[in-house]
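# quick one, fold the following:
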Amino acid sequence: MSKTYKATGINLKTQVFGESDRLVTILTKEYGLLTAIAPGARKHNSSLGGRSAMFVVNEVLIAKGRSLDKITQANTVKSYPGLAKDLGKLAASQYLAEIVLSQALSENPQEELYELLNEHLSRLENVSSKNPLQVVAFLCHAVFQFMALAGFAPQVDACCLTQRPLIADFGAARNQVGFSINAGGAIYLDAWEKLRSSQNLLKQEEEKSTAREVEGYTSPQQLPHDTYETYETIHHSQELPTLSRRLNATELFLFQQLSQLDISNSDAVGNTQDQSWLSVEQVLRQYAQYHLGRSIRSAALIDSFFAANYDTTVFQ
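Numbering: from 1, shown residues only. As a prediction, this is how the structure comes out:
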């Protein structure tokens, strides 16, 4: 990379730096994540003031420095002023920024991730003020798509245990499907119960077998060597997944819609109870945090916003 270079990127994180500067983390198409100083950006009349704000897309000219690069010129290509005017949209945007910051690489082109982020920010900004609860639906869609791009989207069309197709049965009296983070997605509850029963039975048989082996010995000195010394044991039985949540038919249906490239005109957005979308977001959040290896701090803003303004209950 030469002493100066050009890039097109979106600001994902800003920090106070020095007396009047900002330290900006930018997702660029050409070089992935980079951090640079916006000199004088906090001064009242600075040309970099607005250009260094969150979610502003700029064409930037950057000079390489010994420890930190410096933005010498910025030309705004696009911004999302509607995000800052709505607390729910802003919280959702920050949520997505955290995920992207965890996924993006430095010194590597990130054009696909860059384009995907801008696409979902645009959809969030365009959510109608008459139906602000749709924000969480578009948030879920974005999170799912980011995970798909990274290669770890949850499996929601077929059972992770049996590979049987998953079908949302709206006439069922009880939940038929569960979601397991460590299994990688949705599973039929009957398959899970069957596996649990077989493992319990196997455990009981192993305990009985061990008891029979040690029967007849009266002291530890009389026991065979392999009954009190630990050796590596290889188990061929299938691991029992941990159930994170039981999904009703509506929640399963919503999960299955998320694999679509665009849900803007889907009935899942317009005609579904928002409480179901909140439940889906909670599961997706736990799944994303598990794979990213870190918590999503902005998610707390989503909880607070909907709990305070729409009298909703957030499931943990």
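# quick check: Gly82 vs Ala288, distance?
25 Å (Cβ to Cβ, to the nearest Å). Every C-beta, even on glycine, is put in place using the N, C-alpha and C of the backbone.
# so which of these two has more stuff around it?
A count of neighbours by other Cβ atoms under 10 Å puts Ala288 above the other of Gly82 and Ala288, at 26 against 16.
# phi and psi next, for the more buried one.
Main-chain dihedrals, Ala288, degrees, to the nearest 10: phi -60, psi -40.
# surely it and Ile99 touch.
Yes - in this structure Ala288 lies within contact range of Ile99 using Cβ atoms under 8 Å: 6.4 Å.
# where do the contact lists of these two overlap?
Common neighbours of Ala288 and Ile99, using Cβ atoms under 8 Å, 6 or more residues apart in numbering, are Val143, Ile296.
# export the helix or strand where Leu33 lies to PDB, keeping only CA atoms.
Element membership for Leu33 (DSSP states H and E) is strand 32-38. Extracted in PDB, the C-alpha atoms of strand 32-38 (Å, rounded to 0.1, in the frame of the first residue of the first chain):
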ATOM      1  CA  GLY A  32     -11.900  -4.300   4.800                       C
ATOM      2  CA  LEU A  33     -11.800  -2.800   8.300                       C
ATOM      3  CA  LEU A  34      -9.500   0.100   8.900                       C
ATOM      4  CA  THR A  35      -9.100   2.700  11.600                       C
ATOM      5  CA  ALA A  36      -8.000   6.200  10.900                       C
ATOM      6  CA  ILE A  37      -7.900   9.600  12.500                       C
ATOM      7  CA  ALA A  38     -10.300  12.300  11.300                       C
END
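# just after the helix or strand bottoming out on mean pLDDT in the chain, pick out the following helix or strand.
Counting by mean pLDDT, DSSP states H and E, the chain has its least confident helix or strand at helix 189-214, which shows a mean of 80. Helices and strands here follow DSSP H and E; after helix 189-214, the next one along the chain is strand 245-247.
# that next one: partners in the sheet, and parallel or antiparallel?
Strand 245-247 has the following sheet partners, assigned by DSSP bridges: strand 177-180 (antiparallel).
# quick one: average confidence on the partner strand?
Predicted confidence along strand 177-180 averages 98 (mean pLDDT).
# for that strand, output the C-alpha coordinates as CSV.
Output in CSV follows, covering the C-alpha atoms of strand 177-180 (Å, rounded to 0.1, in the frame of the first residue of the first chain):
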residue,chain,number,x,y,z
VAL,A,177,-40.0,-28.0,17.1
GLY,A,178,-37.1,-26.8,19.3
PHE,A,179,-34.0,-24.7,18.6
SER,A,180,-30.6,-25.9,19.6
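# need the contact partners of that strand.
Contacts for strand 177-180 (Cβ under 8 Å, 6+ apart): 154, 160, 166, 185-189, 192, 241-247, 252, 255, 283, 287.
# narrow these to those that are buried.
Among these, those buried by neighbour count (16 or more other Cβ atoms under 10 Å) are 154, 160, 166, 185-189, 192, 241, 243-245, 247, 252, 255, 283, 287.
# any chance you could list what contacts the strand holding Leu33?
7, 9, 17, 21-28, 48, 51-52, 60, 62, 65, 68-71, 74, 101, 104-110.
# go on, stretch 47-61?
Contacting residues not belonging to stretch 47-61 are listed as 4-14, 22, 24, 26, 36, 38-43, 71-80, 83-84, 93-94, 97, 118, 121 [Cβ under 8 Å, 6+ apart].
# show me where the stretch 1-150 of the chain has strands.
Along the stretch 1-150 of the chain, counting by DSSP state E, counting those that start in this stretch, strands occupy 4-17, 21-28, 32-38, 57-63, 69-78.
# deepest in the core, which of those strands is it.
strand 21-28 (a mean of 23; mean count of other Cβ atoms under 10 Å).
# what angle separates that strand from strand 4-17?
If you take axes from the mean of the first three to the mean of the last three Cα atoms, to 10 degrees, strand 21-28 sits at 130 degrees to strand 4-17.
# contacts for strand 21-28 next, please.
Under Cβ under 8 Å, 6+ apart, the answer for strand 21-28 is 7-17, 33-42, 48, 52, 58, 60, 68, 71, 100-101, 104, 110, 113-114, 117.
# okay, now Leu284: neighbour count?
23.
# A helix includes it, no?
Yes - assigned with DSSP: H, G, I helix; E, B strand; the rest coil, Leu284 falls within a helix.
# wouldn't it be in contact with Val143 here?
Yes - applying Cβ under 8 Å, one finds Leu284 in contact with Val143, separated by 5.0 Å.
# next up, the contacts around the nearest residue to Cys159 once chain neighbours are set aside.
Here the nearest residue to Cys159 in space, its sequence neighbours aside, is Tyr188; by Cβ to Cβ, 6 or more residues apart in numbering that works out to 4.7 Å. Tyr188 makes contacts with Cys159, Leu161, Thr162, Arg164, Leu166, Gln176, Val177, Gly178, as judged by Cβ under 8 Å, 6+ apart.
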